[in-house]
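A.B. asks: Can you look at this prediction? I've put the sequence above it.
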Amino acid sequence: MADRSSPLLARSDDGRSFTIADASGTPFTAGTLLLVTADDRRHLAIVEERGAAGGEPDAVLGRLIGIIDGTRFDPRGGSPFSDAVVEIADADTIDLVHAAMGATLEIGVNLSPPIRPARLLSHRFNRHTFWCGQSGSGKTYALGVVLEQLVAHTALPVVVFDPNSDFVRLGELNPGASGPTAELLGQRDIRVLRPSTPGAEPLRARFPALSLEAKAAVLRLDPVADREEFNAVVHLGDTLSADEPDEVLPELLGSDDSVRRALGLRIENMGLLNWEVWAGHDREATLVIDERADATVLDLGGFSTPDQHLVVALSVLEELWERREERRPTLLVIDEAHNLCSPALTSPLAIAVRDRIEQIAAEGRKYGLWLLISTQRPSKVHPGIVSQCDNLALMKMSSPIDLAGIAEYFGYAPAALVARSPWFRQGEALFAGGFAPAPTLLAMNRRLTPEGGSDVGVPLR
């Protein structure tokens, strides 16, 4: 065991990682931030593993995050060194690093030394983000904390695909909520679109505005298997681009053309005329989003049939993709993403939605279309979407399959911290990737706005 009256020393062979051969007697655990001083250069470093070098139980392996030079912080790394003096980073150093990196969104408190407010870099939400946690982890509540910070402290328009009405009260403040963030939230333009809530702005889509492929998906038409009816849709382009289904149906049913009549029967038999999603005299969601409010919440869960929320999602995603060359930054928050992004989806409409999300994941970043994908089950989200995410928020997760997938896709998150996920308490999370100054284990702050949906309590005698 090392004599801790002597300096604790580290070495780096590549200027990127470091090792401490014997850290016995120290409280260093994965996630601890250190100051490593070599040749008068101060490195900020993070412990990633203990007991990693040569199987020694008190060895420490970690990553060098950047160099601190006076009041400046350079995240580019440094040069190899040996016999560098190690100490736990102090609070002032962490505050300096946060200020230098632009970490301004305060979302919680660090659980690893030093104990300081945990902050994210708002400008690094220009990368896709993967957010996951099992039921009961506090995932949706915690996501609300981050959305409040983004809406209050940035000019980035946020569009929330909300299947469980969890964010429909994002424009309200909790009683007693105070402080700069609460004050700013009270000034923000937050729109909530709902299917059939009295007094709320309606959540609608316009059938004529959909692309040919989207119309075919709504009608469950395959260009090969249903080639005649699909072809009728192609040749009805002008008609279907001018009228809603109820306006074109009489023409189709009264047609002398058997294929057009068959198309009319399809529309009638599917009950499309009874779907409340069609805009009619209301404004469609795409027009509201185009006004670029600070946040637009799409309450997808209140439709009478499951396909209707897919129509809204597809119409919004198509419109944003069609206008991508305008390069207008937008953050698309997709809660319960396993419902829209699963590789196991089978209906044409669901597949069309998932494929558009996958396209945005692969190509949207350069156009300012950024995703925040939130789910209880990472393994049920299409791998082509997960693999494009550069930011990770991980809450309590006990599934070995899901944790293995996270370790595979998010190598920048220390494996020892990912492995602690099954023991996270409610509201605890690991943040890693470009939007975090360093991989951080933290406890989330309280929300300033009410959570729209919450657990139902067990009746007690």
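C.D. replies: Nice, thanks for sending it over.
A.B. asks: going forward, measure contacts and count neighbours with C-alpha atoms only.
C.D. replies: OK.
A.B. asks: residue closest to the middle of the chain?
C.D. replies: residue 372 (2.0 Å; Cα atoms, centre = their mean).
A.B. asks: Against residue 385, how distant is that residue?
C.D. replies: 11 Å (Cα to Cα, to the nearest Å).
A.B. asks: same question, residue 256
C.D. replies: Distance from residue 256 to residue 385, by Cα to Cα: 46 Å.
A.B. asks: How about residues contacting the helix or strand that contains the residue nearest to the centre of the chain?
C.D. replies: Residue 372 is part of strand 369-375, with elements assigned from DSSP states H and E. Under the criterion Cα atoms under 8 Å, 6 or more residues apart in numbering, residues 125-134, 324, 327-338, 360-361, 364, 381 lie in contact with strand 369-375.
A.B. asks: From these, which land in helices?
C.D. replies: Counting by DSSP state H, these place 360, 361 in helices.
A.B. asks: hmm, back to that, can you pick out the residue with more neighbours from residue 256 and residue 385?
C.D. replies: residue 385 (22 against 10; other Cα atoms under 10 Å).
A.B. asks: Would you double-check that that one falls in a strand?
C.D. replies: No. Using DSSP: H, G, I helix; E, B strand; the rest coil, the secondary structure at residue 385 is helix, not a strand.
A.B. asks: thought it was touching residue 364?
C.D. replies: No. Here residue 385 does not reach residue 364: they are 11.5 Å apart, not a contact under Cα atoms under 8 Å.
A.B. asks: picking that back up, who's the residue nearest to the centre of the chain bridged to?
C.D. replies: residue 129, residue 333 (DSSP bridges).
A.B. asks: Can I get the strand holding residue 372 as CSV, trimmed to CA atoms?
C.D. replies: Coordinates of each C-alpha in strand 369-375 appear next as CSV, following Å, rounded to 0.1, in the frame of the first residue of the first chain:
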residue,chain,number,x,y,z
LEU,A,369,-32.5,19.2,-37.8
TRP,A,370,-31.3,17.7,-34.5
LEU,A,371,-32.9,14.8,-32.7
LEU,A,372,-33.4,14.0,-29.0
ILE,A,373,-34.5,10.4,-28.8
SER,A,374,-36.0,9.3,-25.4
THR,A,375,-37.0,5.7,-24.7
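A.B. asks: Then residue 140 would be within a strand, right?
C.D. replies: No. Read with three-state DSSP, residue 140 is helix and lies in no strand.
A.B. asks: looking at it, it is touching residue 165, isn't it?
C.D. replies: No. Applying Cα under 8 Å as the test, residue 140 and residue 165 come out as separate, 10.8 Å apart.
A.B. asks: More neighbours: which of the two?
C.D. replies: When residue 140 and residue 165 are compared for neighbours, residue 140 comes out ahead with 24 against 19, by other Cα under 10 Å.
A.B. asks: Quick check: the more buried one vs residue 160, distance?
C.D. replies: 12 Å.
A.B. asks: and if you look at residue 356?
C.D. replies: Following Cα to Cα, the distance that separates residue 356 from residue 160 is 16 Å.
A.B. asks: Between these two, point out the one with more neighbours.
C.D. replies: residue 160 (22 against 17).
A.B. asks: List the neighbouring strands of the strand or helix carrying the more buried one plus their orientation.
C.D. replies: Residue 160 belongs to strand 158-162 when elements are defined using DSSP H and E. Strand 158-162 pairs in its sheet with strand 295-299 (parallel), strand 330-334 (parallel), by DSSP bridges.
A.B. asks: Same list (the ones you listed) but as JSON lines, adding distance to residue 199, mean neighbour count and mean pLDDT.
C.D. replies: Listed next are those as JSON lines, based on distance: least, Cα to Cα, whole Å; neighbours: other Cα atoms under 10 Å; pLDDT from 0 to 100:
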{"stretch": "strand 295-299", "distance to residue 199": "14", "mean neighbour count": "26", "mean pLDDT": "97"}
{"stretch": "strand 330-334", "distance to residue 199": "25", "mean neighbour count": "22", "mean pLDDT": "98"}
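A.B. asks: quick one, helices of the stretch 301-450 of the chain?
C.D. replies: 307-322, 348-363, 383-386, 400-409, 415-418 (DSSP state H, counting those that start in this stretch).
A.B. asks: Select, out of those helices, the one closest to residue 117.
C.D. replies: Residue 117 lies closest, by Cα to Cα, to one member of the helices of the stretch 301-450 of the chain: helix 415-418, at 18.7 Å.
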